[in-house]
Each structure stands twice: as C-alpha cells, then as structure tokens.
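[1] here's a sequence, model it:
(chains A and B)
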Number of protein chains: 2
Amino acid sequence: MASPIAFYFDFSSPYTYIASEEIEALAERHGREIDWRPMLLGAVFKTSGGMPLTEGYGPKARYSVRDFGRSAAFVGLPYRHPTVFPVGAVTASRAVLWLQRESPAQAAPFIHAVFRAFFVADRNISEAPVVMELARKLGVDAEQLAAGVQEDSIKNGLRIAVEEAVARGVFGSPTLFVDGEMFWGHDRLPEIERWITTGPY
Amino acid sequence: MASPIAFYFDFSSPYTYIASEEIEALAERHGREIDWRPMLLGAVFKTSGGMPLTEGYGPKARYSVRDFGRSAAFVGLPYRHPTVFPVGAVTASRAVLWLQRESPAQAAPFIHAVFRAFFVADRNISEAPVVMELARKLGVDAEQLAAGVQEDSIKNGLRIAVEEAVARGVFGSPTLFVDGEMFWGHDRLPEIERWITTGPY
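    Sure thing, here's the model as predicted:
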C-alpha cells in the first residue's frame, strides 16, 4: 500500500476548502489514503511571519476574496465568503483530533461538514455550539465531544500538531506531502497527481 | 476583434517566465492579442509592502525555489534557478518599451529571450551589456537601443507603467487582465481560458 497523502489544513482557509473537496477523489484514483492534519495557521504565522490574505494591502485583499469565489466556481463548488473571516477554529480542530482517536470513520465527514458550514452556509465555526451541532448531525455524541475537546491530551495534541507542521516546513494551507515531497496550495493538485503517477520531476 | 490580454510582468519572476511561455498559445486559441506590460516588482512592493518569495521566512523561501523548478518541469519547460536572484531588470524593461515604440514585432521575441537568458542560461539580466547582447542576437540595433533606454521618455514611460500597474491593483507578477477581470499567477491560466471561453463565472 502506497503511503498516505498528508493534508495539513486550517479550517479558515478558502483554498483549503476547495482542496478538501477534491483530494479524496484524487487519492482514490491512485489507491492512496488521506492523513488529515488539522493545524492553526494563526499559530504557524507567529513563527513564519505570515498573515491572512485578506489583511494587509487592500488591492491584494480584495483580489483574494474575488479569487476565492472564482476558484471555487472554476471547479464547480459553491462559495459564500464568510461574514466573519478569518476565524480561529480551535474547537473544530480539536474535535478532529478527538474523532480521529474515538471514531475515525467520522473524522473526514466532520471535516467536510465544518468547511461547508463556513464557506457555503456562512456559519461561524469558531463557536463551539456550532461545531457541536455539526458533529451531532453526523451522529456524533456531542456531549462526549464537548468533554473531549477539553481534555489535556487533545489540547496538547493540537499544540503538538502545530509544532510538527512548523518543524516540517509548513507555512500555509493547504500543505500536502506526497512521498516526502511538499506541495502548497489547492492549485498544486494537478502537480501532485502527476507526481504520484510518474514519480519525481 | 476581442480585446487583448494585458500581461503585467517583472523579468525577475519565475512564475512569470512560465506564464510567458504559455500565454501566446492560449491567446491564439481564442483570437486574442497580448498586451505586454513590463513593470518593476521592487517598485510595486514599495507601495504594497510585498517582498520576493525567496526572502523572509526560510522554509517558504526554500519551498519556493523547489516549486519554481517543479512548476516549470510540470509544463515541460527547462528551469535553472539564477545564481543572482532576484534582480532589478530596469534596462531590460526599458528596452521592451523602446522596442514597442520603435520595432514592435521584436518586442515579444525580446521578452522571451530575456526570460530564457535569466531562467535557463543563468545570465545576469540586470546587466546592460547582457541585455544589449540579447537584443543584438535578435537583429536589433544595439547602439540605438543603448541610447534609447537612456531617453527621458523611455525612463518616464517605465515609471508611469509601474504607477499605472499599482493604480490598477497589481501587486504581483504575472498579473493578467482579461476583459477587465484580474488574474494573478501562472497557475490561473486555466481559469483565464475558461473565462474567455464561457464568460464570467
């Protein structure tokens, strides 16, 4: 079995929402699994000096918002720019770690539910009740999840996940690793598919 | 006749080299002309606060160099990361403006020659003799060109070109405008082609 595709993601990244909708089909075409790796870009930026695309220089921020929606439309996805943006999705990210430990089969559906809630339904995914509601709809025991995201092991797990991402050279989202090769951005998915198909180039 | 595709470029941008090799075929497929617009990203960055990808955070700089070569290879282009990088290609950019005025048919071949000299042959295109040599090989009168790039009207022309780019919202290279719609990055060429084919999305 070929090694999984590592998919480092921050829930607040529009391009990552796009990639999250496409990566499973790509992986399946080549018999690969996805290793979903939640992280917090805000924490990464403290090391990298990065900043959200919509902050800083006005023309770049305005272009970025236009490009988010256009890039989604280009691949046939709905997109509604969130009213509150960006957000720190700490609870949702911890919830992924808890699900990966307690109910792995529900982790990927939950990840998709969170991205779609934020970028299609304009829900504020930084709010814990919103996160719990999304999990409940997937049949997750929201009481257990609410307790789980408060566990020290889960909180530490997310901290460690961020540190591990930074140590691996991650500075943006989505960042994918395929057989040790790093790719940044949803627009690198065709390059990833070529890499898997033909080997290094 | 449909309006031309405006192609804003800085000679020191690897992704722009890639786009410059692909845009003419794209334009031709749809009966469009290219409006080549030289500019200086260093000057643009003074307004936008941007910086070269290879400066700043180490992991991002290292990834970028890797991605330059990989992205070129992905579309079948040679790439050798320049020994001196980035450079300010003032003379080469002025030379484009002079050629566009004096010998328009030679402007596009000259643009390609400069990009290939920098990103394939590792020539330092910030040096005026290198620029003149490249022009001479295309049959341009290098004496006239050397005088031309010192003309006030050409110097002012490049200054105005940078100001016009900034005013239009340009913050990176390549930036393309198609029927008023702005696209940034060589990786947006498929979106541009869709835009031309199907109209706004």
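[2] list phi and psi for residue A:130.
    Torsion angles at residue A:130 (phi, psi; degrees, to the nearest 10) stand at phi -60, psi -40.
[3] identify the residue nearest it in space, chain neighbours excluded?
    Counting by C-beta to C-beta, 6 or more residues apart in numbering or on different chains, the nearest residue to residue A:130 once its immediate chain neighbours are dropped is residue A:123, at 5.2 Å. In short, each C-beta sits where N, CA and C put it, glycine included.
[4] residue A:80 now?
    Nearest residue to residue A:80, sequence neighbours excluded (C-beta to C-beta, 6+ apart): residue A:122, at 5.4 Å.
[5] show me where chain A has helices.
    Counting by DSSP state H, residue ranges of the helices within chain A are A:14-29, A:41-48, A:58-74, A:90-102, A:107-119, A:128-137, A:142-148, A:152-167, A:189-198.
[6] is it possible to export those helices to TSV including mean pLDDT?
    TSV is the format used below for the helices of chain A (pLDDT from 0 to 100):
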stretch	mean pLDDT
helix A:14-29	98
helix A:41-48	95
helix A:58-74	97
helix A:90-102	98
helix A:107-119	98
helix A:128-137	98
helix A:142-148	98
helix A:152-167	98
helix A:189-198	97
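[7] which of those helices sits closest to residue B:46?
    Between residue B:46 and the helices of chain A, the shortest separation by C-beta to C-beta is 14.0 Å, and it involves helix A:58-74.
[8] against which helices or strands is the closest one packed?
    On a contact count with 3 or more C-beta pairs under 8 Å, 6 or more residues apart in numbering or on different chains; DSSP states H and E, helix A:58-74 meets helix A:14-29, strand B:181-184, helix B:189-198.
[9] how about CSV for the ones you listed, with mean neighbour count and distance to residue A:89 added?
    Conversion of the helices and strands packed on helix A:58-74 to CSV gives the following (neighbours: other C-beta atoms under 10 Å in any protein chain shown; distance: least, C-beta to C-beta, whole Å):
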stretch, mean neighbour count, distance to residue A:89
helix A:14-29, 20, 11
strand B:181-184, 19, 26
helix B:189-198, 16, 27
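[10] make a markdown table from these and add distance to residue B:16 to it.
    As requested, these are arranged in a markdown table below (distance: least, C-beta to C-beta, whole Å):
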| stretch | distance to residue B:16 |
| --- | --- |
| helix A:14-29 | 21 |
| strand B:181-184 | 11 |
| helix B:189-198 | 12 |
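[11] out of the ones you listed, which is closest to residue A:138?
    Residue A:138 lies closest, by C-beta to C-beta, to one member of the helices and strands packed on helix A:58-74: helix A:14-29, at 15.6 Å.
[12] quick check: residues of chain A near chain B?
    On the criterion C-beta under 8 Å from any C-beta of the partner chain, chain B has as its neighbours in chain A the residues A:47-50, A:56-57, A:59-60, A:62-63, A:66-67, A:70-71, A:73-74, A:169-172, A:182-185, A:187-188, A:190-191, A:194, A:201.
[13] counting neighbours, which of those residues end up buried?
    Buried positions within these, assessed by neighbour count (16 or more other C-beta atoms under 10 Å in any protein chain shown), are A:47-48, A:50, A:57, A:59-60, A:63, A:67, A:70-71, A:74, A:169-172, A:182-185, A:187-188, A:191.
[14] tell me the contacts of the residue nearest to residue A:80?
    Contacts for residue A:122 were tallied using C-beta atoms under 8 Å, 6 or more residues apart in numbering or on different chains; they are A:80, A:82-83.
[15] how many neighbours does the residue lying closest to residue A:72 once chain neighbours are set aside have?
    In space, residue A:72 comes closest to residue A:79 once its chain neighbours are excluded; the distance is 3.5 Å by C-beta to C-beta, 6+ apart. Residue neighbour count, defined by other C-beta atoms under 10 Å in any protein chain shown, stands at 16 for residue A:79.
[16] so what's residue A:79 up against?
    A:14, A:17, A:68-69, A:72-73, A:119-120.
[17] ok, so of these, who is nearest chain B?
    Nearest to chain B among those: residue A:73, at 4.6 Å, using C-beta to the nearest C-beta.
[18] residue B:198 is in contact with that closest one, correct?
    No. Assessed by C-beta atoms under 8 Å, residue A:73 is found out of contact with residue B:198, at 10.5 Å.
[19] ok, residue A:4 touching residue A:37?
    No. Taking contacts as C-beta under 8 Å, residue A:4 lies outside contact range of residue A:37: 10.2 Å.
[20] neighbour count: the two, which is higher?
    When residue A:4 and residue A:37 are compared on other C-beta under 10 Å, the one with more neighbours turns out to be residue A:37, at 23 against 14.
[21] any idea what sits nearest the more buried one, other than its immediate chain neighbours?
    Spatially, and ignoring its direct neighbours in sequence, residue A:37 is nearest to residue A:8 (4.5 Å; C-beta to C-beta, 6+ apart).
[22] how close does the one you found get to residue B:87?
    With the distance defined as C-beta to C-beta, to the nearest Å, residue A:8 ends up 33 Å from residue B:87.
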